[in-house]
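# sharing a model prediction with you, sequence too.
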Amino acid sequence: MKHVISDRDAFIREFKFQTSRSSGPGGQHVNKVSSRVELRFNLKETQLLSEENKALLYKKLATRISQEGVLSVVVQADRSQLKNKQTAIEKFFEMLEHALKPEKKRRATKPSRAARERRLQAKKQSSEKKTRRRSSDWKD
C-alpha cells in the first residue's frame, strides 16, 4: 500500500488550500482569524494515481468528492491555521490509505456444534408452544 503514496511531496504540491473563519468558541479571536482549512485535491486531473485507484477512491469516498471530481477535507479543530493545515494533510493521507487498502476476503465459517444445538432447541420450544396453543380446549 505504501507504494501508492510513497511521494507525499508530489501530492502536497497538487493540494489547494482554502481558509475561512471557523465556527465555534474562540472569543474575539474567532472573528478576526481564518483558521478553518479546506484541503482540495483534484482526483480527475491528477497523474499521481492510476485509473483503477481513482475508480476505487470515487467508489469509497463518494460523499467527499464533488461532481467536478474534487476531494475535499475540512478541518477546524484547532485555533491555529497551521495546525489545522497539518491535520488536514494527515487526514487526507489516512483517508487515502484506508480507501486504497485491499479488502480482506471473507473466510466462510460453519456454525459451531453448540450454536446448532441452541438453534434446534429454540425451534423445538417454539414448535411446542404453538402446538400447545392449538390443542387447548376452549369450550369449558
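Thanks, I have it.
# now what about the lengthiest helix in the chain, what contacts it?
Taking DSSP state H as the assignment, the helix of the chain that covers the most residues is helix 113-135. Residues from elsewhere that reach helix 113-135 (C-beta atoms under 8 Å, 6 or more residues apart in numbering): P111. Any C-beta I mention is one placed from the backbone N, CA and C, and that applies to glycine too.
# cutoff 6 Å now
Helix 113-135 is contacted from outside by no residue at all, using C-beta atoms under 6 Å, 6 or more residues apart in numbering.
# give me the buried positions along that helix.
When neighbours are counted by 16 or more other C-beta atoms under 10 Å, no buried residue of helix 113-135 is found.
# distance from that helix to the middle of the chain?
41 Å (C-alpha atoms, centre = their mean, to the nearest Å).
# stretch 38-58 too?
17 Å.
# with stretch 50-67 instead?
So, by C-alpha atoms, centre = their mean, the centroid of stretch 50-67 is 12 Å from its chain's centroid.
# number the residues from 357 up from this point.
Understood, numbering begins at 357; the last thing we discussed is stretch 406-423.
# so for that stretch, mean pLDDT?
Across stretch 406-423, pLDDT averages out at 90.
# and the contacts of that stretch?
Contacts of stretch 406-423 (C-beta under 6 Å, 6+ apart): L399, L427, A455, L456.
# one more pass at 7 Å, please.
V360, L399, L427, S428, M451, A455, L456 (C-beta atoms under 7 Å, 6 or more residues apart in numbering).
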